[in-house]
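In: Can you look at this prediction? I've put the sequence above it.
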Amino acid sequence: MESQSETEAKTRPDGITKAYFRIFMLVASNFMRTLSFTILIVSFLYSCSTNSADIETKNNETKIDTNLTTKRNVVTTINNSDTLIVDKKSSIFFTLDTTEINKLKSETIEEDFYVGADDAMYYLSVARTFVDSVKLFRIEQSNKKFIKFVKLDKTQSVIKISQLNSLCGVYFFDPKKEPKFIDLTIVDEEYKKYFFK
């Protein structure tokens, strides 16, 4: 029976010492982790750009069709500034912009950041599936710095996304209530508590 070191010696190229081989494997492992994370973020941001709302941009205004299930002529217009304005019953999915992602990444141990990002993307995907299944209007955004919620009585709540200290997340909003930043691991329970109590 061969020992592990004999097996390693047979599998690595001639002339490379054990230490160099380990360094090579460590670098290759980190490269693959970085590549995987980059692909994950790019695919996530692409999916955010193809959201559940019909969006048309013209002359620095964005028109969002917020009533996709019945009348197609109900439209909310907002300026293309750094603020997303929400005044309809909806779920708001947000991600940090690239600058904020890099800042959060630099403040976190790299391996922990990638594990957390992977978990966050999974739970965000589960939340999207759930929100779509209950036909709650979904807004996706990744390029705004603030979310302004406007209630029926015209009072407003403004959230600065970068201060949430989260790579991504979801808010539920009903104009009759305050907005709620939800726990993505229990999105179905959060939905019931917020919209039906």
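Out: Right, received. Where do you want to start?
In: State the mean pLDDT of whatever helix or strand Arg128 lives in.
Out: Assigned by DSSP states H and E, Arg128 belongs to helix 110-133. Average pLDDT, helix 110-133: 89.
In: What is that helix packed up against?
Out: Applying 3 or more CB pairs under 8 Å, 6 or more residues apart in numbering; DSSP states H and E, we find helix 110-133 packed against helix 18-49, strand 90-95, strand 138-141, strand 168-173, helix 187-196. The way it works is simple: take the backbone N, C-alpha and C, and place the C-beta from them, glycine included.
In: wouldn't Tyr123 be in contact with Thr185 here?
Out: Yes: Tyr123 is within contact range of Thr185, at 6.0 Å (criterion: CB atoms under 8 Å).
In: more neighbours, these two?
Out: More neighbours surround Tyr123 than the other of Tyr123 and Thr185, with 18 against 12 (other CB atoms under 10 Å).
In: and the closest residue to the more buried one other than its chain neighbours, backbone torsions?
Out: Closest residue in space to Tyr123, ignoring its immediate chain neighbours: Leu184 at 3.8 Å, by CB to CB, 6 or more residues apart in numbering. With angles defined as degrees, to the nearest 10, Leu184 sits at phi -60, psi -20.
In: Over to Lys176?
Out: The phi/psi pair for Lys176 (degrees, to the nearest 10) is phi -90, psi -10.
In: before we move on, back to that, I'd like to know which of the helices and strands packed on helix 110-133 has the weakest mean confidence.
Out: Among those, helix 18-49 scores lowest, at a mean of 57.
In: ok, and for stretch 102-116, which residues are buried?
Out: Using 16 or more other CB atoms under 10 Å as the test for burial, stretch 102-116 gives Leu104, Lys105, Phe113, Tyr114, Gly116.
In: who touches the residue lying closest to Phe137 once chain neighbours are set aside in this structure?
Out: Leaving aside its sequence neighbours, Phe137 sits nearest to Ser90 (CB to CB, 6+ apart; 4.2 Å). Contacts of Ser90 were listed using CB atoms under 8 Å, 6 or more residues apart in numbering, and they are Thr66, Leu136, Phe137, Arg138, Ile139, Phe172, Phe173.
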